[in-house]
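J.: curious how this folds, go ahead:
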Amino acid sequence: RLDLELTATEGDHSRVQSASATLSGVASAADMATGERSAAAQVTSAFGQDGNKFTALFRLLGIVPAEAQTLTVDITFSNGDTQRIASDLTKAMRGFNDSTTPVTLTGNLLLPVEAGTTGATITDWNEAECGNGHAD
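T.: Down below sits the predicted model:
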């Protein structure tokens, strides 16, 4: 399982109407005897929001190591504006297949300060359990 926890550290989080996440480069099937993962697929999850915290979870069979793990976050604001943020999580998820322990990745969500402006980003990805996994 992969848990994502984003903290809005900039901008007005109360303007967020909804947010969803799509993760690519994940396995759609796994051979339990050999541990081999299938060709890459993508999965989608909705973010829940509690104040300035946004959380989503993915139940994954694993990642496809030969593929990039890319997270795409789509945010819809109360005025109808939308923002798309893409993050490369390949480095942070490289050991995902090595354990059955859930992985939690945290990051800072920087939202536009004013309505009608663009530039939402996610920074400072970290693996919460051990604190040493970083995504660029």
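J.: for the residue of the chain most remote from its centre, pull up the helix or strand it's in.
T.: Computed with C-alpha atoms, centre = their mean, the residue of the chain farthest from its C-alpha average is residue 33, at 28.9 Å. Secondary structure from DSSP states H and E places residue 33 outside every helix and strand.
J.: need the phi and psi values for it.
T.: Main-chain dihedrals, residue 33, degrees, to the nearest 10: phi -70, psi -40.
J.: same check on residue 50?
T.: The phi/psi pair for residue 50 (degrees, to the nearest 10) is phi -130, psi 100.
J.: and it, how many neighbours?
T.: A count of nearby residues for residue 50, using other C-beta atoms under 10 Å, gives 7. From N, CA and C alone the C-beta is placed, and that goes for glycine too.
J.: show me what it is bridged to.
T.: Beta-bridge partners of residue 50, counted by DSSP bridges, are residue 53.
J.: how far away is it from residue 62?
T.: 29 Å (C-beta to C-beta, to the nearest Å).
J.: one more: residue 40?
T.: Computed with C-beta to C-beta, the distance linking residue 40 and residue 62 is 11 Å.
J.: for residue 10, same thing?
T.: 34 Å.
J.: and the pLDDT for the residue farthest from the centre of the chain?
T.: The model reports residue 33 with a pLDDT of 83.
J.: same check on residue 23?
T.: For residue 23, pLDDT reads 98.
J.: can you give me the strands for this protein?
T.: 2-10, 16-27, 40-46, 48-50, 53-58, 70-77, 82-88, 103-110, 121-127, 134-135 (DSSP state E).
J.: with distance to residue 95 added, can I get those strands in JSON lines?
T.: Listed next are the strands of the chain as JSON lines, based on distance: least, C-beta to C-beta, whole Å:
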{"stretch": "strand 2-10", "distance to residue 95": "12"}
{"stretch": "strand 16-27", "distance to residue 95": "14"}
{"stretch": "strand 40-46", "distance to residue 95": "18"}
{"stretch": "strand 48-50", "distance to residue 95": "26"}
{"stretch": "strand 53-58", "distance to residue 95": "16"}
{"stretch": "strand 70-77", "distance to residue 95": "17"}
{"stretch": "strand 82-88", "distance to residue 95": "16"}
{"stretch": "strand 103-110", "distance to residue 95": "8"}
{"stretch": "strand 121-127", "distance to residue 95": "9"}
{"stretch": "strand 134-135", "distance to residue 95": "13"}
